[in-house]
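Novice: give me the fold of what follows.
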Amino acid sequence: MSNMLEITHKNKEIFMSGLIIGVILSVLITTFPASILGRIENMPNNNISQVSNAFQFNVEPVSSISSVVDLESEPTKRVPVSNYIGMIVHIICPISDGVITGSGIIISGDSSGNARVLTSKHILKNMTGVCKVYQSESYDEQPSLFFKTSNNFVFSQKYDLAILSYSDDFSMNSSNLNFEFAKKSEGLFEDVFVFGFPPSAGSNITFTKGVISGAEKIAGDTMLKTDAKIDNGSSGGPVFNKAGNLIGITTYASQGTYSSYGYIIPSEIVKEFINDVALQDSNKIGTVIIR
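Specialist: Numbers count the residues shown, from 1 in each chain. Predicted coordinates for the structure are as follows:
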């Protein structure tokens, strides 16, 4: 009997000890986070980085973000992008085994006799005869023949850029173009609008929208990347910002399993090429004559 009483007494001691420990733990759990939070909230700003480092966070200063995203970019002039539909053309060129199609923009002139069409050089490099240039004035209008090109074209020695014309005369005034260049290069995540004539989307002009997804050096020069859909036939088409200013010309697309990314020749390079053509700089441009 005495043994049973001793066991019961010990059980009571164990129970009371457990109860006391439970109460203490409950108090600690309730007050500990609040005390820590209070210390963090009252911590000076210059110590916030210490907290983030302790939890393996990287705090980026706002200045480095704004240098990538051009938050203060103001275009030279705001023009509705729809105004340019009549300047965007569909190009069809003969090659040895059929035809190749592309897009372009009338950079100078307002008629078939004096138009200068900027496009991609790779569309023209294998052409075996004159190209046909088609134009429409509305997004729902079937394009009609604008003009047939001459037997030659001017191209950039370095970049995927070329200019077509009705005649062999490629002279132009580079300060009097049919559009405004963007004042600054677009930054990361800026909206872009791509126009072209990809056959996969039908015969009418097609518009796609995306953002600047990054940039990459290709052959030593920085090309912009976009998630806007760029397909075969889009090459040479213009890319505008939301203010209607030209930010570049489409060139190639990188095909992926689930999506593709397009490359844009930025406006700085486009402007340089147009100036070279206007100045007839034979060190930077060349002429191909199709026999």
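
Novice: could you use CA atoms for every contact and neighbour count after this?
Specialist: Noted.

Novice: what's F273 sitting at in phi/psi?
Specialist: When read as degrees, to the nearest 10, the backbone of F273 gives phi -60, psi -40.

Novice: how about it, what does it touch?
Specialist: Contacts of F273 were listed using CA atoms under 8 Å, 6 or more residues apart in numbering, and they are S156, L161, I285.

Novice: can you rerun that using 10 Å?
Specialist: F273 is in contact with 155-159, 161-163, 174, 267, 279, 281, 284-285, counting by CA atoms under 10 Å, 6 or more residues apart in numbering.

Novice: same question, F195
Specialist: By CA under 10 Å, 6+ apart, the residues touching F195 are 81, 84-85, 88-89, 103-105, 205-209, 229-230, 234-240, 249-250.

Novice: need the pLDDT of the residue lying closest to N232 once chain neighbours are set aside.
Specialist: In this structure, N232 finds its nearest non-sequential neighbour in P198, 5.6 Å apart by CA to CA, 6 or more residues apart in numbering. pLDDT for P198: 87.

Novice: gap between P198 and S282?
Specialist: 33 Å (CA to CA, to the nearest Å).

Novice: of these two, who's got more company?
Specialist: P198 (23 against 12; other CA atoms under 10 Å).

Novice: ramachandran coordinates for the more buried one?
Specialist: Main-chain dihedrals, P198, degrees, to the nearest 10: phi -70, psi 130.

Novice: pretty sure it is touching I92, no?
Specialist: No. Taking contacts as CA atoms under 10 Å, P198 lies outside contact range of I92: 11.4 Å.

Novice: overlap in contacts, the two.
Specialist: T101, G102, S103, G233.

Novice: closest to G244 out of these?
Specialist: S103 (18.0 Å; CA to CA).

Novice: what's the neighbour count on the closest one?
Specialist: By other CA under 10 Å, 30 other residues sit near S103.

Novice: now swap in the one 10 residues further on and tell me
Specialist: The burial metric for G113, expressed as a neighbour count using other CA under 10 Å, is 14.

Novice: wait, isn't it in contact with F147?
Specialist: Yes. If you go by CA under 10 Å, G113 and F147 touch, sitting 7.9 Å apart.

Novice: overlap in contacts of those two?
Specialist: By CA under 10 Å, 6+ apart, the residues touching both G113 and F147 are S165, Y166.
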